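here is my input; please provide its structure:
(2 chains)
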Amino acid sequence: MTAPLLHLDNVTKLYKRGGLFGREEFRAVDNVSFHIDDKEPQVFTIIGESGSGKTTLARMVLNMIRPTTGTIFFKGQDLASIRSGGARRRFMKEVQPIFQNPFEAFNPLKRVDRYLYMTAKNFTDAHSSAQLDAAADAALNKVGLSIGEVRGRFPHELSGGQLQRVAIARALIPGPSMIVADEPVSMVDASLRMSIVNLFRTLRDELKVSIIYITHDLATAYYVSDRIIIMRKGEVVESGSARVVLENPQHEYSRLLKSAVLSPDPHGHGVLTGDSAASQQARASPRRQTINSRS
Amino acid sequence: MAQMPASSVQDSSHVLETHDLRAHYRMKYFGIDREVRAVDGISMHVRKNEVYGIAGESSCGKTTFIKAIAAAIRPPLEIVAGHVNYSFIKGDLYAMPAADRSAIRWRHLSYILQGSMNVLNPVRRIHKTFEDFAFRHMHLGRAEFDQAVKHHLERLRLPAEILRAYPHELSGGMRQRVCIALATLCKPEIIIADEPTTALDVVVQKDVLAMIRETQSGFGSSMIFVTHDLTVHANVTDRLGIMYAGRLVEEGRTADVFANPMHPYTAHLIASLPKIGDTQSRNALSGSPPNLADPPKGCRFHPRCPLAMEICRYENPALTTLAEDHRVACFAASTKVQPANDEGSGEAKTLEMAR
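Numbering: from 1, shown residues only, chains lettered A, B, ... in the order given. I've put the predicted structure just below:
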């Protein structure tokens, strides 16, 4: 029996807030379990509104923070057992991140190609500058760019879509088996969004990379993903095959999310459609509603 | 939410008209002249009590256009040619003294901006922010002003307690609602909304959009609604203008534009929208938006256009009315589309000389 690619077992993350007076605990991620098979590469989507614990979960999968309780296994290895620098590097070779805002992910004072060269230097056996160039070019070709377009450029000289593709190319250099993409399209223009999402499909089908795609956009999630989980306040409220869940959501919250998706068909005269009861409910229960507790 | 369809209360008078508006960034540093033509000959109008949407990708000149019509011009941005006329002022916006221009802001013309955290002063309570923005425009006594603010919040169904809160105590959606309340306090004739919901979640976004729409129709204001998200336009706007590289390439009633997009760029934008229940693969447009400092000659879309013809390479298509209330600038859409005079009309030239 082979171990699954990723297995989360009752993972919980607690944050403690407050100072000397009145400490409170905040469950960012509450008892989440799921697994991703290694048989077939897939796009696994985590959906939820802000504050639902999506990013905390991603950071735990990337082994950037430790869960309070529960264990995460990657290819059968407990992430908590990764301590030495060598083990960490071996793990990073397998799992790579892509972040939300490409303009923040890249240092504006460094040239973009430097990130590609450093990744190639650290994670592949390329050493000479010709080898580094070749490694960077190969990765850029996979995302539809070439080293000539990127060499010597600073982040502000590239468009948001190009920069996000460079970020994806950088993540591909070590040859990972999984990429964690945290809201990769929410800062990208609508017209470029599809080029990024299509790229994920290509990565899955041709490079056999599994992708954890974190988003709050249900339409692209439906378009690209194989399996999804829907999170609310740190808990998984619904999970399963993407098509089944999104076409026919069972949980109340999933239905609310689906009803909030704006349809691209115009209804004329700017009348918002959808379930007005659902939107009333949403108005009644925004998170972090400090005002209610103050009054 | 108001159930009254906007069309029944619309009349044909125009709140805002622009004629061949050109706003360029002009830089002369170290002997290098650089001119970025961010808004290049836009003529449009906004009718009373309608929501006019502007769509386009980043760096297509949406924000510069807004700056130009709101008279928020700072060097290196310059109005090179054209007119901006409002129904509530006599003559051209740029012909009036600067002091009068600043007096119309907030009173007649207000804005809702994207980053509400950047609009609300983080070290002042919300009621102080209301005072900072609106007190001098309302011409009321202190007590009356406070009363007016409370009444306004009640009308928008916001709790009065938020006045005592600091911005960081409110959620993102609530902050954006406060910004809407702030922008509508003086019941302005026209509200400019620049990506008001881009940073918000889907659930909150829908609520905020409903509130914007409700407030706008409740006060009878016109609105210019800018976002790159076409699904938002489909749900909120009455008429839609599509911008590409500093020019308006298509304009029409939102339903018409979606049902029958005539410009290939619009058609592509609409076709690429993903939908739940539809998994067919969608193609992204190749290439990237042109550099406005050195735009391609002719139609600025031709290097990326699937329908590009010979004429597109050297002639710029004029925005031509092809159907009722539907204007398109594309040679492939109809033979009626004629080349436009690229460098502006003679009148624009003289204006430039005069300035």
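
number of residues surrounding the residue of the stretch 101-250 of chain A found nearest chain B?
Per CB to the nearest CB, A:Ser195 is where the stretch 101-250 of chain A lies closest to chain B, at 3.4 Å. From N, CA and C alone the C-beta is placed, and that goes for glycine too. A count of nearby residues for A:Ser195, using other CB atoms under 10 Å in any protein chain shown, gives 23.

how near is the closest residue to it other than its chain neighbours to B:Glu78?
Leaving aside its chain neighbours, A:Ser195 sits nearest to B:Ala284 (3.4 Å; criterion: CB to CB, 6 or more residues apart in numbering or on different chains). Applying CB to CB, to the nearest Å, the value for B:Ala284 to B:Glu78 is 35 Å.

show me where the chain has its helices.
With no chain named, the answer covers chain A. Ranges of helices within chain A are A:54-61, A:85-94, A:102-105, A:112-123, A:129-142, A:147-150, A:160-172, A:190-206, A:218-224, A:242-247, A:252-260, A:276-284, A:290-294, based on DSSP state H.

think we crossed wires, I meant chain B
For chain B, the helices identified by DSSP H occupy B:6-9, B:62-69, B:98-104, B:116-119, B:126-138, B:142-155, B:172-184, B:202-219, B:230-236, B:254-259, B:264-271, B:346-354, in order along the chain.

would you turn these into TSV with mean neighbour count, mean pLDDT and distance to chain A?
Conversion of the helices of chain B to TSV gives the following (neighbours: other CB atoms under 10 Å in any protein chain shown; pLDDT from 0 to 100; distance: least, CB to the nearest CB, whole Å):
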stretch	mean neighbour count	mean pLDDT	distance to chain A
helix B:6-9	13	40	5
helix B:62-69	22	88	11
helix B:98-104	13	83	26
helix B:116-119	17	73	14
helix B:126-138	18	89	10
helix B:142-155	14	91	12
helix B:172-184	24	87	6
helix B:202-219	22	86	4
helix B:230-236	25	88	4
helix B:254-259	21	90	5
helix B:264-271	20	88	6
helix B:346-354	13	44	30
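
can I get these in a markdown table with distance to A:Arg17?
Supplementary listing: the helices of chain B in a markdown table, determined by distance: least, CB to CB, whole Å:
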| stretch | distance to A:Arg17 |
| --- | --- |
| helix B:6-9 | 45 |
| helix B:62-69 | 37 |
| helix B:98-104 | 43 |
| helix B:116-119 | 20 |
| helix B:126-138 | 23 |
| helix B:142-155 | 29 |
| helix B:172-184 | 19 |
| helix B:202-219 | 22 |
| helix B:230-236 | 34 |
| helix B:254-259 | 45 |
| helix B:264-271 | 43 |
| helix B:346-354 | 59 |
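
out of these, flag the one nearest A:Thr45.
With CB to CB as the criterion, A:Thr45 lies closest to helix B:202-219 of the helices of chain B, at 14.1 Å.

that closest one packs against which elements?
Other helices and strands packing on helix B:202-219, by 3 or more CB pairs under 8 Å, 6 or more residues apart in numbering or on different chains; DSSP states H and E, are helix A:252-260, helix A:276-284, helix B:172-184, strand B:222-226, helix B:230-236.

again, only this time at 6 Å
Other helices and strands packing on helix B:202-219, by 3 or more CB pairs under 6 Å, 6 or more residues apart in numbering or on different chains; DSSP states H and E, are helix A:252-260, helix A:276-284, helix B:172-184.
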